[in-house]
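Student: pasting a predicted model and its sequence here:
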Amino acid sequence: MEYSKADSKAFVARAAEAQDAGNLEEAHSWYSKAAEAGNLDAMYNLGILSETVGSGQAMYNLGVLSADAGDLDCARSWYTKAAEVGNSRAMFDLGLLFVDAGNFDEAKSWFTKAVEAGNSDAKRELAKLISRKSWIFKLFS
């Protein structure tokens, strides 16, 4: 469902009320709706709340939003936080970011962690990465 900017401001207000009352689950829900509508304050507050309650999925989602906006440093930061609490998709996406940056050792490390956490996409990327490194090694041997 799409929400307007006016909706998002009301959602942020409701989220703040819920958070002040100690109802973090409800606050998370309202901040999420406002963030979906593009409200930057909601995204920020959702990130802070997610860190507080350790929501790997919310932190991962903030990483995706940051990556989509072209802020790869911010995306890497959120993906790392999500990965630290066990989000295997965040581990996988970190691997992809490091491949794109040419840091294949770091990419291999994150793909390996993602595989160990059960991410099947990471198996494919890890195999491609190992194959690529093997080919480059043979080329320069």
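Tutor: Thanks, I have the structure now. As the structure is a computational prediction, the values presented were derived from the model and not from experiment. Numbers count the residues shown, from 1 in each chain.

Student: the residue lying closest to Lys33 once chain neighbours are set aside: neighbour count?
Tutor: Leaving aside its chain neighbours, Lys33 sits nearest to Phe11 (4.8 Å; criterion: C-beta to C-beta, 6 or more residues apart in numbering). (C-beta placed from N, C-alpha, C; glycine too.) Phe11 is flanked by 22 other residues according to other C-beta atoms under 10 Å.

Student: check what pLDDT Phe11 gets.
Tutor: Phe11 carries a pLDDT score of 93 in this model.

Student: just to check, it is in contact with Ala27?
Tutor: No. Assessed by C-beta atoms under 8 Å, Phe11 is found out of contact with Ala27, at 10.2 Å.

Student: show me where this protein has helices.
Tutor: 5-20, 24-36, 40-53, 56-68, 72-84, 88-100, 104-116, 120-139 (DSSP state H).

Student: phi, psi for Gly118 please.
Tutor: With angles defined as degrees, to the nearest 10, Gly118 sits at phi 100, psi 10.
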